[in-house]
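Peer 1: quick one, fold the following:
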Amino acid sequence: LVKGMDIYVSSESGSDENFGNDPEKPKKTIISAIGSLAVGGTLHLADGVYPQGSTLVISQTMTIKGNDANPEAVVIRRSNSTSYSVMNLKASCVLRGIVVENGYVNNSADIGAGIDITASSIVTNCIIRNNRIYGNNYRGAGGIRNAATGSVIVDCVITNNASNSYDNSPGGIYTPNPCEIIRCIIGWNKAAAGGGGIKSIVTSTVVSDCIIVNNKAGVEYHQTSTAVPYGSGGGVYGGTIKRCVIMDNMIGKHSVRDPFGGGAFNSTLYDCLVAGNTSTNTTKGGGGGLHSCTAVNCTIVDNAAKVAGGVSGGTLKNSIIWNNVATNGDGTDNYGGTVAFSYCCTTPAVDGEGCISKDPLLRPRNFSMPYTLRGASPCVNIGNNAYTNSVFDLSGKARVLRRTVDLGCYEASMANGLKVIVR
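Peer 2: Below you'll find the predicted structure:
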């Protein structure tokens, strides 16, 4: 049988009696279409819903192309009430322009309920939503598990996925292997354990230019083990995070173990805005914004926790930590625990080199570019360039507009308060 490099599929008008190489005579099901596709070829999915009665296993290199202009028009979903993930990428492939939804896994397995990636792949311009994992899952995820080095997840929306596992399964994405997550919206995911949005156990996973918002961790089971830091990282757990907005995430509502890091836990962050995150446990918990993180040129503001409303532990450089709240009233509103500060703006004043405790004069949250520096801010032009390895700030401007880097995630605009005299 001669196989085609381009096979067309339509759940509405196709027939599996067709070979599929003619757009006018498409296949009906993806699994049948794969049988006609040459290695390295492309499946073209017409708009429609593609129900899967069992996991769709991709075991040869291919591209699966949906609707790049409107990914919601092409939906691959679990179609019955039994336990299985929607897709397993066992061979390197490109998945683009589709929705993957309604995966459900209820067993003790390392698996992603939406997509389980076991060979280096690219997932681009996709929506991964409404997938859920239950049971004593050791290293799974509600949305995507990436168990392959070199995968890329780019321009995707990862939303409303959940993990009810009381082990280490995050809600949105779990990546035990190095990968890149680029320009994604990761929001409204939930996890019983750590990593409401993302969990990476390797620092070489890089998350860049993403919006990580309204994720929750430690919210569906009462955690009883103290062997590992369950319920930490409402938005992000681990990894290297660059130029991301981490906002309105929450940790630890029902956890009986200390919930740490409403925004991020054990991560390294560059040029990030960390705002409005909370650790809501009524008796324990610290680091409404960050816990045990390294943060360089970050703005950490308006977060809240029982103790250490802004930052609990870690290392901060060229950063602003301001207007956070510790609800127990112990004075650790902006920071608590052992924190190493260099060239930071916070209060109470700290002994770190180059630090100040003046009001940073941030614009409000409801401003078109929230928490940017006003022209008269004392945080302009006082950082340490040696700590900055970024080309751009969070807004995409040059990271150093003048000779010296500003504090926080944004460089102040050259127009703000700058007077140029031409002689």
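
Peer 1: give me phi/psi at Leu95?
Peer 2: phi -120, psi 120 (degrees, to the nearest 10).

Peer 1: got the contact list for it?
Peer 2: Thr63, Ile64, Met87, Leu89, Ile115, Ser121, Ile122, Val123, Thr124, Cys126 (CB atoms under 8 Å, 6 or more residues apart in numbering). For the C-beta atoms, the positions are set from N, CA and C on the backbone; glycine is no exception.

Peer 1: helices of the stretch 1-150 of the chain, start to end?
Peer 2: With DSSP state H, counting those that start in this stretch as the criterion, the stretch 1-150 of the chain has helices at 30-36.

Peer 1: can you pull out the low-pLDDT segments for it?
Peer 2: 1, 108, 136-138 (pLDDT under 70).

Peer 1: centre of the chain to stretch 380-393, how far?
Peer 2: 24 Å (CA atoms, centre = their mean, to the nearest Å).

Peer 1: give me the nearest residue to Arg399, chain neighbours excluded.
Peer 2: Computed as CB to CB, 6 or more residues apart in numbering, the closest residue to Arg399 that is not its neighbour in sequence is Ser390, at 4.4 Å.

Peer 1: tell me if I'm right that the one you found and Cys272 touch.
Peer 2: No. Using CB atoms under 8 Å, Ser390 is not in contact with Cys272, being 10.6 Å away.

Peer 1: common neighbours of these two, please.
Peer 2: Lys242, Arg243.

Peer 1: about what we covered before: and which of the contacts of Leu95 is nearest to Thr372?
Peer 2: Nearest to Thr372 among these: Thr124, at 30.3 Å, using CB to CB.

Peer 1: let me see the contact set for that closest one.
Peer 2: By CB under 8 Å, 6+ apart, the neighbours of Thr124 are Val94, Leu95, Arg96, Gly97, Val152, Ile153, Val154, Asp155, Cys156.

Peer 1: state the pair within the residues you listed that is farthest apart.
Peer 2: Gly97 and Val152, at 15.2 Å, using CB to CB across the contacts of Thr124.

Peer 1: which of those two has more neighbours?
Peer 2: Gly97 (20 against 15; other CB atoms under 10 Å).

Peer 1: now the more buried one: how far from Ile356?
Peer 2: 48 Å (CB to CB, to the nearest Å).

Peer 1: with Val105 instead?
Peer 2: 50 Å.

Peer 1: so between those two, which is more surrounded?
Peer 2: Val105 (30 against 18).

Peer 1: next, the contact list for Ser32, please.
Peer 2: Asp16, Gly20.

Peer 1: use 47 as the first number from now on
Peer 2: New numbering, starting at 47: the last item is Ser78.

Peer 1: what is the burial count for the residue lying closest to Asn126 once chain neighbours are set aside?
Peer 2: In space, and not counting its chain neighbours, Asn126 is closest to Gly99: 5.9 Å by CB to CB, 6+ apart. Burial of Gly99 is recorded as 12 neighbouring residues (other CB under 10 Å).

Peer 1: tell me how far stretch 169-183 is from the chain's mean position?
Peer 2: The answer for stretch 169-183 is 13 Å, by CA atoms, centre = their mean.

Peer 1: can you check stretch 147-158 too?
Peer 2: Worked out by CA atoms, centre = their mean, stretch 147-158 lies 19 Å from the chain centre.

Peer 1: tell me which residues in that stretch are buried?
Peer 2: Glu147, Asn148, Gly149, Tyr150, Val151, Asn152, Ala155, Asp156, Ile157, Gly158 (16 or more other CB atoms under 10 Å).

Peer 1: quick check: end-to-end length of that stretch?
Peer 2: 12 Å (CA to CA, to the nearest Å).

Peer 1: ok, now which ones touch the residue nearest to Arg445?
Peer 2: Counted by CB under 8 Å, 6+ apart, Ser436 has contacts Lys288, Arg289, Tyr316, Asp317, Asn343, Arg445.

Peer 1: restricted to strands, list those.
Peer 2: Lys288, Tyr316 (DSSP state E).

Peer 1: how about CSV for the contacts of Ser436, with pLDDT and distance to Ala84 added?
Peer 2: Shown next, in CSV, are the contacts of Ser436 (pLDDT from 0 to 100; distance: CB to CB, whole Å):
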residue, pLDDT, distance to Ala84
Lys288, 98, 38
Arg289, 98, 39
Tyr316, 98, 43
Asp317, 98, 44
Asn343, 98, 48
Arg445, 95, 46
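
Peer 1: closest one of the contacts of Ser436 to Thr392?
Peer 2: Out of those, the member with the shortest distance to Thr392 (by CB to CB) is Asn343, at 14.3 Å.

Peer 1: my guess is the closest one contacts Ile366. True?
Peer 2: No. Asn343 is beyond contact range of Ile366, at 9.2 Å (criterion: CB under 8 Å).

Peer 1: neighbours around Leu102, how many?
Peer 2: Neighbours of Leu102 (other CB under 10 Å): 22.

Peer 1: pretty sure it contacts Asn134?
Peer 2: Yes. At 7.2 Å, Leu102 and Asn134 qualify as touching, with contact defined as CB under 8 Å.

Peer 1: okay, and the common contacts of the two?
Peer 2: By CB under 8 Å, 6+ apart, no residue touches both Leu102 and Asn134.

Peer 1: so what's Asn412 up against?
Peer 2: Taking CB under 8 Å, 6+ apart, one finds nothing in contact with Asn412.

Peer 1: what's the distance between it and Asn435?
Peer 2: With CB to CB as the criterion, Asn412 and Asn435 are 32 Å apart.

Peer 1: repeat for Phe387
Peer 2: Taken as CB to CB, the span from Phe387 to Asn435 is 19 Å.

Peer 1: show me which of the two is the more surrounded one.
Peer 2: Neighbours were counted for Phe387 and for Asn435 using other CB under 10 Å; Phe387 has more, 22 against 12.

Peer 1: give me the low-pLDDT residue ranges for the stretch 347-469 of the chain?
Peer 2: 460-469.
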